[in-house]
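K.L.:
quick one: sequence and predicted model below, then my questions.
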Amino acid sequence: MATQSELKRIADIKYIARDFDTLVTVLKNHLKYQFPDSYKDFSDTSSGIAFLELVAYVGDILNFYIDKQFNELFLSTAQERKNLVAVAKNLGYQIRGKSASNAQLNATVTYPATGSDTANLEFVVLKGSQVTTSNGVKFEIVNDIDFSSTSNRTVSVNGANTTVSITGNTAVNGETKQILVDVQDPVSFYKITLPDQDVLEITSVTSSDSNTWYQVDYLAQENQYHGVQNDYSTSSSVPFILTLRKVPRRFIIEKNENNITTLTFGSGTISTSDDDFIPNPSDFLLPYTIRGIEDGFTIPDIDPENFLNTGTLGAAPNHTTMTIKYRTGGGLASNVASNAIQYFSNLQYRFVISTSLSASQRNRAISSLSIKNPYPAIGGQDEETNEEIRQYASKSFAAQNRVVTIQDYIVRSMTMPSQFGAPFRVQARRDFNSDFGIQIIVIGRALDGTLCKTQDQLKINLGNYLSKFKPISDSLNITDANIINLRVSFGIVVNTAYNRDLVLGNCLIMLKDYFKIDNWQMGESIVLSDISSELMRIQGVMSVTNIGIDNLVDIFNGNTYSSYNFSIAGHMKNNILTCDQDEIFEVKYPDLDLIGGIVS
Amino acid sequence: MLSAPQINFKLPLNVGNLGAFEMNDNTKDAVRENLKLTILTTKGERVINDVGSKYNFDVFTQTKEEVQTAIISHTNEIINTYFPFLQIDSLDVFTQDDNNAIEDNQVYVKLIYSFKGIEGFSDQINFAI
């Protein structure tokens, strides 16, 4: 049993004492309580208190670093950029570094109006050509500037000179660079750190064995979206077919707090099948010699490297020379003023009819070329501040790159790149025909702005696109919504002080706006009292006598409507017309299908 | 068992009879120890706590009179601030002019003090700066 003295010695330890003053107080109290006869001088001038303060000082320093390091673990409190970048990365946010500005360029050729030849217009300035300002801010031309094409080309004769301009040529700030890296034996997660700061993008990574390496978001991502030109009849609305391609040769990029970019490659060898999503655990956990023996086994050492030797995380380069092209630049300084871009610092061109042109003709054509940016270059941004990293990381974490909820499916569907087709409205709900099914309902718009069913290719593209984000257990069923075409009629009583036709016209204009399809979503109900209220707000309307709604199907009065039959009476309750989530109301021809009358 | 309550450490630190540091066990010695320690500690030497003297600054004063005035002023300040229970009975500052035994660039201070309200309880410390 503990004696009174022992109890006294373990009592009253203040673990919450963390700063200098509190520690001094606690230690003084401790001495007073535990050693009342051994030390009695607690004045500031005594040597004992000087020693005690030294102890408290060490305690304060240690607690400060504990607090500091603890704070550095969290996004909201981390102060050091290095830690902030690391925490943001854990939340799935990769800092972007500087952004490049864009400029619109006018390329101009001037030559004598008479006595000239056609050589002046027979060349193409190639994309990648470099233009610069007098301060040395460099831009690269994004698309070919083709003087032989009449597209965006204006010709004017000014006195003795003819001036030909091509407008709307996009240039992006930055400079393309290239490094070569010799790789010997394969190394898991081989890293290449680029020598430049402010890398805007990796343009290409190729190896001397004629392979292309693809950038992915994370090494476990073995598929990448790929757009294939759509040569079928649907190409007008869906110019590209979205496909997934396997990218066993892949890398990720990471930026550190100093804006240095590092490429990290995979860990496997290319001879291993990349289809092995998860290696067989039994191949790694149990030694061959004891597998299957009933009377137990010793737990073997697990070498994580064993799991990394598959192609699951991509291939590691080996015995090859990697060629990495990248662009550097960006920042606020890249937002240059109008007409600041004046020089070609690296002009690349080709002649369309090179065989029939003399060298002097070519030189004359090229020497007359000039470049200007009529508007300021905009869009350049410096790297994120610490506070911006904090905010963007929180946003990134909340938005996570995956779809789980119904809202996730809707939002993600709307973010599909438009070249793969853009549905006008998307709705999602549980698929009642499948336990784990999600029904995605889409609807498109025709050229005249009315609703129409989407192309099958769009639905295929959407399925491929969502497959990257959805849980593996979810099955997708992408269908078209049913279009319910309506005719709306109403009757009003007009104040005699107002022009009857004008009031009726205003009512029809209001309803046209009310039923504008941009304002409607799938599953959205029509509340008749809302329509009445809107009509009553029109000046001169004294009363709304009736509102009638009919469903128009197939051909009516020579116009084509949706073939979908919808019972108005069956869905009208308490003056609210409801529809299902896979249905959408539409007044297809507002000029014909909105009918108003004046009741005397 | 301790024969008398131990007040504070005797400086310099030595191992005492009880196996711990040698201690002062009477008020007079304890106060003397503290006063000596405070005088010999320059302000800023202690962590966080500002206890100490300003004599180091005084020695750079140009004339003997100014040095004496500064040292007396700062000694009074120490007594009033940290030892308000003491009174200065006499405070003398000597230089080489007063005594050849004192080294060049050095002043010698002789402080006699007593406890307020306690007769016959006086003490003296001498120190060189």
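P.N.:
Good, I have the coordinates. Please read these numbers as outputs of a predicted model, since none were measured by experiment.
K.L.:
so which bits of stretch A:131-139 are buried?
P.N.:
A:V131, A:T132, A:T133, A:V137, A:K138, A:F139 (16 or more other CB atoms under 10 Å in any protein chain shown). (Glycine included, C-beta is placed from N, CA and C.)
K.L.:
quick one: mean pLDDT for it?
P.N.:
Mean per-residue pLDDT for stretch A:131-139: 93.
K.L.:
so what would you say the end-to-end distance of stretch A:488-500 is?
P.N.:
Length of stretch A:488-500, first residue to last, CA to CA, to the nearest Å: 20 Å.
K.L.:
gap between the least confident helix or strand in chain B by mean pLDDT and the chain center?
P.N.:
Within chain B, no helix or strand scores below helix B:55-58, which has a mean of 82 by mean pLDDT, DSSP states H and E. Mean-position distance between helix B:55-58 and its chain equals 14 Å (CA atoms, centre = their mean, to the nearest Å).
K.L.:
with stretch A:329-337 instead?
P.N.:
With CA atoms, centre = their mean, you get 23 Å for stretch A:329-337.
K.L.:
other residues contacting that stretch?
P.N.:
A:97-101, A:103, A:133, A:135, A:137-138, A:173-175, A:198, A:200, A:373, A:376-383 (CB atoms under 8 Å, 6 or more residues apart in numbering or on different chains).
K.L.:
ok, residues contacting the least confident helix or strand of chain B?
P.N.:
Counting by CB under 8 Å, 6+ apart, B:I39, B:T42, B:V67, B:A70, B:I71, B:H74, B:I129 sit against helix B:55-58.
K.L.:
if we use 10 Å, what do you get?
P.N.:
Helix B:55-58 is touched from outside by B:39-45, B:66-75, B:78, B:93, B:107, B:109, B:127, B:129, with contacts defined as CB atoms under 10 Å, 6 or more residues apart in numbering or on different chains.
K.L.:
which helix or strand lies directly C-terminal to the helix or strand hosting B:E77?
P.N.:
Using DSSP states H and E, B:E77 sits in helix B:64-82. The helix or strand immediately downstream of helix B:64-82 is strand B:86-94, counting by DSSP H and E.
K.L.:
that following strand pairs with which strands, parallel or anti?
P.N.:
strand B:108-115 (antiparallel) (DSSP bridges).
K.L.:
now the partner strand: mean pLDDT?
P.N.:
pLDDT averaged over strand B:108-115 gives 94.
K.L.:
angle of that strand against helix B:64-82?
P.N.:
30 degrees (axes from the mean of the first three to the mean of the last three CA atoms, to 10 degrees).
K.L.:
point me to the residue of the stretch 101-250 of chain A nearest chain B.
P.N.:
Residue nearest to chain B within the stretch 101-250 of chain A: A:Q197 (41.7 Å; CB to the nearest CB).
K.L.:
contacting residues for that residue?
P.N.:
Counted by CB under 10 Å, 6+ apart, A:Q197 has contacts A:G97, A:K98, A:K255, A:N258, A:N259, A:I260, A:T261, A:T328, A:E383.
K.L.:
and it, how far from A:G97?
P.N.:
Distance from A:Q197 to A:G97, counting by CB to CB, to the nearest Å: 8 Å.
K.L.:
what is in contact with those two at once?
P.N.:
Common neighbours of A:Q197 and A:G97 (CB under 10 Å, 6+ apart) are A:K255, A:N259, A:I260, A:T261, A:T328, A:E383.
K.L.:
cheers, nothing more for now.
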